[in-house]
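Trainee: Test case, fold it:
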Amino acid sequence: MSLPARLRDRARALKRQALLVWFAARDPGMPWGVRLLALAVAAYAFSPVDLIPDFIPVLGLLDDLVLVPLGVMLVVRLTPASVVARAQAQADTAADKPASRTAAAVVVVVWLGAIAWFAWAARGWWQAT
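Mentor: Predicted coordinates:
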């Protein structure tokens with residue numbers, strides 16, 4: 001198998017794992033601390049906004065190749081087996097569906113809102129000091 005094909009397979013597997021984390025976070029059997037971690041990992045995995053932008057050579061892609069798999073691995077280890085099994089079944093079904101542009105737009109709007117709120121809060125804090 002060629003390198004691009006292997007990378008494509010790895011990317012699909014990582015997408016399924018990130019979906020597993022998302023569905024596990026929404027499961028009522030998930031402990032709250034792990035749920036918050038799972039939501040953070042899923043938000044980072046599916047967000048178009050990166051900690052380190054992808055156009056920065058090496059580091060831009062390295063954060064996606066390291067942070068997301070490590071976060072997924074940690075969440076799966078901390079999640080009860082019954083929750084992982086239910087989330088895996090949901091992730092397998094959802095991975096074969098086409099992507100939603102509406103969901104992508106919602107993620108972008110949420111990130112922009114969070115950035116605006118942090119900027120507003122920082123401005124208030126900065127002026128108070």
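
Trainee: so what are the domain limits for this protein?
Mentor: The chain breaks down by automatic domain parsing into domains covering 3-97, 99-129.

Trainee: can you put those in a markdown table and add mean pLDDT and mean neighbour count?
Mentor: All C-beta spots, glycine's among them, are computed from the backbone N, C-alpha and C. Listed next are the domains of the chain as a markdown table, based on pLDDT from 0 to 100; neighbours: other Cβ atoms under 10 Å:
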| stretch | mean pLDDT | mean neighbour count |
| --- | --- | --- |
| domain 3-97 | 85 | 15 |
| domain 99-129 | 82 | 10 |
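
Trainee: From residue 20, how far off is the closest residue in space to residue 12 that isn't next to it in sequence?
Mentor: Nearest residue to residue 12, sequence neighbours excluded (Cβ to Cβ, 6 or more residues apart in numbering): residue 95, at 7.4 Å. Note on residue 95: its distance to residue 20, by Cβ to Cβ, to the nearest Å, is 9 Å.

Trainee: for residue 91, same thing?
Mentor: If you measure residue 91 against residue 20 using Cβ to Cβ, the figure is 4 Å.

Trainee: Spell out the residue ranges of the helices in the protein.
Mentor: Taking DSSP state H as the criterion, the chain contains helices spanning 3-25, 32-46, 59-78, 81-95, 101-128.
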